[in-house]
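Chemist: pasting the sequence and the predicted coordinates here, then a few questions.
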Amino acid sequence: MNKKLSFLIALELIILIAALSVLVTKIQTHSGIPNHPGECSDSDAGLNPSEKGKTTSMLKNKKLHAWTDQCLNINQLAEGYCDSRSPTGKKTKVINCKKEGFRSCQNGACVK
């Protein structure tokens, strides 16, 4: 094998290793995103009415479905959370902030 061919093969290997390194970094960065139908992630770790969260699940058609916690009115919060028994991997629960000891609902969370 001549030197020019050896150099080209070595260069291609270096480029391949660099590309794989970038890919692994991207996968690690986005590991919180579901990649199989029925999988779910919740930024506020479940039923946590005092924190506005975003619930993301993957549907059977492999499309992502995102839900952000939101106030239905001054007293009620629609809180998304993961539930493996649900076909979508996620459910929503209406929480009465006053009954849970909070003052009201503001910006997707119950506040004291």
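Modeler: Arrived safely.
Chemist: hey, let's count contacts and neighbours off CA atoms from now on
Modeler: Fine.
Chemist: hey, where'd the strands end up in this protein?
Modeler: Assigned by DSSP state E, the chain shows strands spanning 40-42, 54-58, 64-68, 70-71, 76-82, 90-96, 104-106, 109-111.
Chemist: I15: which of these is closest?
Modeler: Among the strands of the chain, strand 64-68 comes nearest to I15, with 32.3 Å by Cα to Cα.
Chemist: pLDDT of that closest one, averaged?
Modeler: The average pLDDT for strand 64-68 rounds to 92.
Chemist: quick one: low-confidence residue ranges for this structure.
Modeler: Applying pLDDT under 70 to the chain flags residues 1, 18-31.
Chemist: pull the number of nearby residues for S104.
Modeler: 20 (other Cα atoms under 10 Å).
Chemist: for it, name its beta-bridge partners.
Modeler: S104 forms beta bridges with V111, as assigned by DSSP bridges.
Chemist: save the strands of the chain as TSV, and put in distance to L13 too.
Modeler: Output for the strands of the chain, formatted as TSV (distance: least, Cα to Cα, whole Å):
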stretch	distance to L13
strand 40-42	36
strand 54-58	35
strand 64-68	35
strand 70-71	50
strand 76-82	42
strand 90-96	43
strand 104-106	54
strand 109-111	51
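Chemist: wait, A78 sits on K91?
Modeler: No - using Cα atoms under 8 Å, A78 is not in contact with K91, being 10.0 Å away.
Chemist: more crowded one of the two?
Modeler: A78 (22 against 18).
Chemist: excluding its backbone neighbours, what's nearest the more buried one?
Modeler: V94 (4.5 Å; Cα to Cα, 6 or more residues apart in numbering).
Chemist: where's K99 relative to H65, distance?
Modeler: 30 Å (Cα to Cα, to the nearest Å).
Chemist: between the two, which is the more surrounded one?
Modeler: Neighbours per residue, other Cα under 10 Å: of K99 and H65, the larger number sits with H65, 15 against 11.
Chemist: quick one, what contacts that one?
Modeler: T56, S57, M58, L59 (Cα atoms under 8 Å, 6 or more residues apart in numbering).
Chemist: if we go to 10 Å?
Modeler: Going by Cα atoms under 10 Å, 6 or more residues apart in numbering, H65 touches P34, C40, T55, T56, S57, M58, L59, T88, G89, K90.
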